[in-house]
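Participant: Sequence and predicted structure are below.
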Amino acid sequence: MSTAKKSIYSLQFIMLCFSSLFFASSFTMIIPELPAYLSSLGGAQYKGLIVSLFTLTAAVSRPFSGKFTDRLGRVPMMILGSFFCLVSAFLYPIFSSVFGFLFLRLIHGFSTGFRPTASLAYAADITPKERWGEALGVHGLFFSLGICLGPSAGGILTKAYGVDVMFYSSAFLAFLSTIIVINLKETLSVKQEFGKDMLCLKRSDILYRAALPAGIVTFFSYTAHGLIQTLIPDWSIQLGLHNKGFFFTVFSGASILVRYTAGKISDRKGRTHVIVAGLIAKMAGLFVISESQDISVLLIGAAVYGTGAGLISAAIGAWTIELSEPQFRGKAIATMYICMELGIGLGALVGGVYYQGEITRIPEIIRFDILVILLGLLYIIYLKKYKTSFRFLK
């Protein structure tokens, strides 16, 4: 796993970035259309489960993804994650019942359970340590570009050709992602053969203690993502924005614009400085969204929130990797993602249960989540105050 070359822009890195772009486009393309699709199946009361079921299996699979990534290899886990995404997207039009839909949300969650863990470990393997922030920022830029393009493309396809074509388009993008990762060179130097013992998890396999500081901040930060994925489609329509994916395009576009610069700054100034700025921007964006009474203010809130998300994403992955030993890199990344999925799932579940289709409750729910993110900010300030006990902080 040599990183002797100073340049991060190898062919393998570029292939990884484009594969992640297609993967992100695939699973986000369908998100804005899912609430209406579930309602059309007669399951409007289950909207809160759209995100929470997805994140449940993503979170459950994370410990295995970290363990398998460190033992079986990065490339096999990327292939497995992309394949789950492909199969799930293809089956949505076929499993056309509420039960079938909810079952597929569970299965679809495995895609993000395995793929991002292995992708970040692979990116760290093929890039120099002193440029991890920049490298993960560039990789995150491609991933965010997929998140940016996917929802709007899904809305356009659904409006023009129907929801089934949108689902099959999502499956095709997942297929492209799979083809690319199949052609990547493995970076894990010592691989093990799969055995039943790998299915047995120890406590340390579930949460890698060294990476918990980054995981805790991630948890508080990402509760808002669950709320936004659940509530913003309805809130957009309420304010007159009928392309439910456009909010996500603006949010992701703002994230893209800051990722590269934020990653380089985190390499020079330290990860936590960038993360603190991101948490503050996220809270400001949520406040603007909660106060929005027209489309323009809503989109300003999306841009501010997206800026915060981009700042955090550019630094949190590199911070997590720095906290880990090389042989446990996959486990550390999996821990960070477990905390992310728990935050997203809890935000979506609690927000969806309280929402119950009452539009007037949405601003109240969003304002409450500002306080949740504030807890993450206070935690990282606490760590910085006692940094003599936390040598990983810069």
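Facilitator: Here it is on my side, so go on. Residues are numbered from 1 along each chain as shown.

Participant: for this structure, where's the lowest mean pLDDT among helices and strands?
Facilitator: Using mean pLDDT, DSSP states H and E, helix 203-206 stands out as the lowest-scoring helix or strand of the chain, at a mean of 72.

Participant: Isn't Val51 up against Val350?
Facilitator: No - in this structure Val51 lies outside contact range of Val350 using C-beta atoms under 8 Å: 11.3 Å. For every residue, glycine as well, the C-beta is placed using N, CA and C.

Participant: Give me the more crowded residue out of the two.
Facilitator: Set side by side, Val51 and Val350 show more neighbours around Val51, with 27 against 20, by other C-beta atoms under 10 Å.

Participant: Please identify the helix or strand for the more buried one.
Facilitator: Element membership for Val51 (DSSP states H and E) is helix 48-71.

Participant: now that helix, how far from the centre of its chain.
Facilitator: Centroid displacement of helix 48-71 relative to its chain, using C-alpha atoms, centre = their mean, to the nearest Å, is 12 Å.

Participant: If we go by neighbour counts, what in that helix is buried?
Facilitator: 48-71 (16 or more other C-beta atoms under 10 Å).

Participant: can you give me the mean pLDDT across that helix?
Facilitator: Helix 48-71 shows a mean pLDDT of 81.

Participant: contacting residues around the following helix or strand past it?
Facilitator: Next helix or strand after helix 48-71 toward the C-terminus (DSSP H and E): helix 74-91. With contact meaning C-beta atoms under 8 Å, 6 or more residues apart in numbering, helix 74-91 is reached by 19, 23, 26-27, 30, 65, 68-69, 104, 107-108, 110-119, 121-122, 125, 167-168, 170-171, 174-175, 177-178, 181-182, 184-188, 330.

Participant: what is the rounded mean pLDDT of helix 74-91?
Facilitator: Average pLDDT, helix 74-91: 93.

Participant: List the contacts of Leu145.
Facilitator: Counted by C-beta under 8 Å, 6+ apart, Leu145 has contacts Leu21, Ala24, Ser252, Ile256.

Participant: Quick check: it vs Ala123, distance?
Facilitator: Here the criterion is C-beta to C-beta, to the nearest Å. By it, Leu145 lies 16 Å from Ala123.

Participant: again, but for Gln356
Facilitator: From Gln356 to Ala123 the distance is 41 Å (C-beta to C-beta).

Participant: Who has more neighbours out of these two?
Facilitator: Each of Gln356 and Ala123 has its neighbours counted (other C-beta under 10 Å); Ala123 has more, 26 against 10.

Participant: shouldn't that one be in contact with Phe13?
Facilitator: Yes - Ala123 is in contact with Phe13 according to C-beta under 8 Å; the separation is 6.9 Å.
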